[in-house]
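[1] sequence below, structure please.
(one chain, ligands or ions: 1)
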Amino acid sequence: MAATKTFGVETIKEAIACGITDIGENKVQELNEKYPYLKNEVKFHFIGHLQTNKVKYIIDKVKLIHSLDSIKLAEEIDKRAKQKSLIIDCLVEINIGGEESKYGIPPEEMHNFVKEMEKYDNIRIRGLMAIAPYLPPEEVRPYFRKMKELFEELKEIKQHNVQVEFLSMGMSNDYWVAVEEGANIVRIGTSIFGQRQYNVEG
Ligand SMILES: *Cc1c(COP(=O)(O)O)cnc(C)c1O
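    Numbering: from 1, shown residues only. Model (predicted):
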């Protein structure tokens, strides 16, 4: 999956011409700006932290939400999905490095969190996502390995709305290690598009 934040529609179209079928955006507004120009050509994923008050703007535009990280967010996704008669595929984001600066459910809480999801009929849990600590690739390997273990544990949970398929981990810095450890979605930005230029004026 191509992580397309900060890149424009024309650049993304070039990537699509090269065979990219899925893109991930991490900001609701940016996704909405690009969506009308790309919706017929590519599937959109949401990969950033999602605020509950913005769920309504993306709920019918995304193939997969990678960043389900709280009960409150699940409640809102479920509510908005019901209103539109949709079932929304979600990955549970795991804070695998236990980092203060990152979102996600602590690994030891995965089971309880997934059990809590049982009452949300319009959410379908499809797997796990992690943003590993930013370390040299070989030092990230143990975190990816732990994610694979959790992924296998998730597969054992028998629940009507759990249908496990995706393990989303690995970015430009470390995607090959992630794949070696079992990732089946990698989220690549820089290695496809080059360095991002953040506009200081916003
Ligand atoms: C930007 C981003 C990526 C891609 O990062 P690169 O290092 O540029 O490959 C992956 N996942 C998330 C959640 C992102 O926001």
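
[2] just to check, Ile47 is in contact with Gly24?
    Yes - using CB atoms under 8 Å, Ile47 is in contact with Gly24, at 3.9 Å. In short, each C-beta sits where N, CA and C put it, glycine included.

[3] who's more crowded, these two?
    Per other CB atoms under 10 Å, whichever of Ile47 and Gly24 has more neighbours is Ile47, with 29 against 26.

[4] distance of the more buried one from His111?
    Computed with CB to CB, to the nearest Å, the distance linking Ile47 and His111 is 24 Å.

[5] overlap in contacts of Ile47 and Gly24?
    Residues within reach of Ile47 and of Gly24 at once, by CB atoms under 8 Å, 6 or more residues apart in numbering, are 1, 3, 66, 187.

[6] which of those are close to the ligand?
    3, 187 (CB under 6 Å from any ligand atom).

[7] excluding covalently adjacent residues, which one is nearest to the residue nearest the centre of the chain?
    Centroid-nearest residue in the chain, with CA atoms, centre = their mean: His66, separated by 2.1 Å. Once flanking residues are discounted, His66 sits nearest to Met129: 4.2 Å by CB to CB, 6 or more residues apart in numbering.

[8] for the one you found, list each beta-bridge partner.
    Taking DSSP bridges as the rule, Met129 bridges to Glu93, Ser168.

[9] and Glu153, how far from Gly170?
    20 Å.

[10] quick one: which of those two has more around it?
    When neighbours are counted by other CB under 10 Å, Glu153 and Gly170 differ, and Gly170 comes out ahead with 28 against 15.

[11] and the residue lying closest to the more buried one once chain neighbours are set aside, what element?
    Distances taken as CB to CB, 6+ apart put Ala178 closest to Gly170, at 2.5 Å, once the chain neighbours are dropped. Secondary structure assignment for Ala178, by DSSP states H and E: helix 175-180.

[12] tell me what that helix is packed against?
    Secondary-structure packing of helix 175-180 (3 or more CB pairs under 8 Å, 6 or more residues apart in numbering; DSSP states H and E): helix 137-156.

[13] mean confidence for the helix it packs on?
    In this model, helix 137-156 carries a mean pLDDT of 97.

[14] let me know whether Phe144 touches Trp176 as I believe.
    No - Phe144 lies out of contact with Trp176 (CB under 8 Å); the separation is 10.6 Å.

[15] what do the two both touch?
    With CB under 8 Å, 6+ apart, Phe144 and Trp176 have common neighbours Gly170.

[16] quick check: the residue of the protein nearest the ligand.
    Across the chain, no residue is closer to the ligand than Gly189, which sits at 2.7 Å (CB to the nearest ligand atom).

[17] that residue is in contact with Ile12, isn't it?
    No - using CB under 8 Å, Gly189 is not in contact with Ile12; the gap is 11.4 Å.

[18] what sits in contact with each of those two?
    2, 4.

[19] ok, back up a step: just the shared contacts of Ile47 and Gly24 now: which is nearest Lys82?
    Taking CB to CB as the measure, Lys82 sits nearest to His66 out of the shared contacts of Ile47 and Gly24, at 21.4 Å.
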